[in-house]
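Trainee: test case, fold it:
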Amino acid sequence: MAELLEQRSSISLQLIDALLEVFGEFNQLNIWSKVTKDDFTVKRFDLGNDSNLCCCQLTETAKSKLNFSSPKDCEGVVVKFLTFGDNGITDNGLSLADIVAVNTVLSINQISPKLLFANSKCYVHEYIKSRIYTFENDDNPEVVKCLARILAKFHSLDAPISNNAYKTSQKSYEDFFNRRKHIYGWGNTEATGQKYLKALENHPEIKEQYYDEFAKIDYHSEIVYVQNLKERLDSPIVFAHSDFNRGNRLVVKDSKDQLEKIYLIDFDATSMNNRGVDFGDYFSNYRHREDFANEGFPSDEDMALFLNEYREKCAQIFGTEFLDKKENSLEHMIDEAKIYTLGSYIGGTFFGLMWYQEAHDTGKGQYFLNVAKNQSRGYNRLKKRFIEDGTIPRILQMPK
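Mentor: The predicted structure is shown next:
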């Protein structure tokens, strides 16, 4: 799965007690309902900024004591602790009912690892021995087509969730921009008015590398530009992952190193959303060795492998009439992938600069500047390419 950090010795007793309280609420048929503090080990996942996710695994002694029987019992579980605002909603707009519904539907449909338990504090999945999806997987046509079929199945589901997360996602850039503009001066057409740049001035060696490039970016104008293209495309609303990056895809292989299964994880942003959001997340780092990189973008022919497999799976689910609709043509899906990748890049630029502002006095400051630089250059390069290949001029002729 992901690289695991923090051995048991560095795990707090408070966390152990919290986990035991969770396991104590499992139904009595689950062996985890019977564990004591000495029956399992705890490790934390290295998954970005998420510090509330940990993996627990039974010791060999505990398996014997508890009469462990595979595959009925799970030797490992992944626990995700939840954080809600005063209004009972997460930062991504999900209520507890939404979170339980999303994880239940995806578990039942075998898109995610098996959901074992959920309450107001956390949810728990079976731990799956696997590897994170990498650039090498994009070079394997069978893996690419398998992933396309999984995404098509995901998008076909009718999950009983509210519309709050979709509303939150639609407002996030605008609200984020307005908050940061007030605090940092972002969006001011005069570079000297962008307060985040002042942090660079205190570090001459960093200023020399980044200042001029970031000073000329008008984030608000670019976000409005991409949003205009999205509105004209009118990408269909589906049940979308909304964070379909490589770190949220688990690849399981058999003893002969052949693909056995792909699971999706991390549904904190999952909502009813535009289909193109997931297309953009996929193609924005297609065959990239590093996340948040600027390593190129696939040709229309390369995208067709994934998108045609997606279309064929949807036709199996919805009937062949699915293919007759204009918005489900290969050409329209390619347009969605291109424009939503632009959105992913401008969002990545925004992300990098925001976190630099938060972390410029730590060792991570320059990392986030490189993220912003790579994403900004990728955005400008793709914008130029999509203008020259006629994609953007053609979309701008479409009515809103």
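Trainee: quick one, phi/psi of the residue lying farthest from the centre of the chain?
Mentor: Note on the chain: the largest C-alpha distance from the chain mean falls to residue 65, namely 38.8 Å (CA atoms, centre = their mean). Torsion angles at residue 65 (phi, psi; degrees, to the nearest 10) stand at phi -60, psi -40.
Trainee: quick one: residues contacting the closest residue to it other than its chain neighbours.
Mentor: Closest residue to residue 65 apart from its sequence neighbours, by CB to CB, 6 or more residues apart in numbering: residue 39 at 7.3 Å. Bear in mind the C-beta positions are built from the backbone N, C-alpha and C, glycine included. When contacts are counted by CB atoms under 8 Å, 6 or more residues apart in numbering, residue 39 is found next to 58, 59, 61, 62, 65, 66.
Trainee: give me the distance between the residue farthest from the centre of the chain and residue 59.
Mentor: Distance, residue 65 to residue 59, by CB to CB, to the nearest Å: 9 Å.
Trainee: how close does residue 112 get to residue 250?
Mentor: The spacing between residue 112 and residue 250, counted by CB to CB, is 9 Å.
Trainee: between the two, which contacts overlap?
Mentor: Jointly contacting residue 112 and residue 250 under the rule CB under 8 Å, 6+ apart are 263, 264, 265.
Trainee: per-residue confidence, the closest residue to the last one other than its chain neighbours, what does it come out as?
Mentor: What it means is residue 265. Leaving aside its sequence neighbours, residue 265 sits nearest to residue 248 (CB to CB, 6+ apart; 5.3 Å). With respect to pLDDT, residue 248 scores 95.
Trainee: swap in residue 184?
Mentor: For residue 184, the pLDDT comes out at 43.
Trainee: on that earlier part again, separation between the residue nearest to residue 65 and residue 58?
Mentor: 6 Å.
Trainee: ok, which stretches of the stretch 201-350 of the chain are helices?
Mentor: Here the stretch 201-350 of the chain has its helices, by DSSP state H, counting those that start in this stretch, at 204-215, 219-233, 275-284, 300-318, 330-359.
Trainee: most packed of those?
Mentor: The highest mean neighbour count among the helices of the stretch 201-350 of the chain, using mean count of other CB atoms under 10 Å, belongs to helix 275-284: a mean of 25.
Trainee: only alpha carbons, please: show that one as PDB.
Mentor: Output of helix 275-284 as PDB, limited to C-alpha atoms (Å, rounded to 0.1, in the frame of the first residue of the first chain):
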ATOM      1  CA  ARG A 275     -17.400  13.700 -14.800                       C
ATOM      2  CA  GLY A 276     -14.500  15.700 -16.200                       C
ATOM      3  CA  VAL A 277     -13.100  16.200 -12.700                       C
ATOM      4  CA  ASP A 278     -12.000  12.600 -12.500                       C
ATOM      5  CA  PHE A 279     -10.800  12.600 -16.100                       C
ATOM      6  CA  GLY A 280      -8.600  15.600 -15.400                       C
ATOM      7  CA  ASP A 281      -7.200  14.100 -12.200                       C
ATOM      8  CA  TYR A 282      -6.200  11.000 -14.200                       C
ATOM      9  CA  PHE A 283      -4.600  12.600 -17.200                       C
ATOM     10  CA  SER A 284      -2.900  15.400 -15.300                       C
END
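Trainee: show me what the mean pLDDT comes to for it.
Mentor: Averaged over helix 275-284, pLDDT sits at 97.
Trainee: picking that back up, helices - which of the contacts of residue 39 land there?
Mentor: 61, 62, 65 (DSSP state H).
Trainee: just checking, the second one touches residue 40?
Mentor: Looking back up the chat, that one is residue 62. Yes: the criterion here is CB atoms under 8 Å, and residue 62 meets it with residue 40 at 6.5 Å.
Trainee: more neighbours: residue 112 and residue 250, which one.
Mentor: Comparing residue 112 with residue 250 by other CB atoms under 10 Å, the one with more neighbours is residue 112, at 24 against 20.
Trainee: what is the neighbour count of the spatially closest residue to that one that is not a sequence neighbour?
Mentor: Leaving aside its sequence neighbours, residue 112 sits nearest to residue 106 (CB to CB, 6+ apart; 4.1 Å). With neighbours defined by other CB under 10 Å, the count for residue 106 comes to 25.
Trainee: so residue 106 versus residue 139, what's the distance?
Mentor: Taken as CB to CB, the span from residue 106 to residue 139 is 27 Å.
Trainee: do residue 80 as well
Mentor: To residue 139, residue 80 is 31 Å away according to CB to CB.
Trainee: and residue 301, by the same measure?
Mentor: Residue 301 sits 15 Å away from residue 139, taking CB to CB as the criterion.
Trainee: run through the helices of the stretch 1-150 of the chain in chain order.
Mentor: Using DSSP H, counting those that start in this stretch, the helices of the stretch 1-150 of the chain run over 13-23, 60-65, 96-108, 135-138, 141-156.
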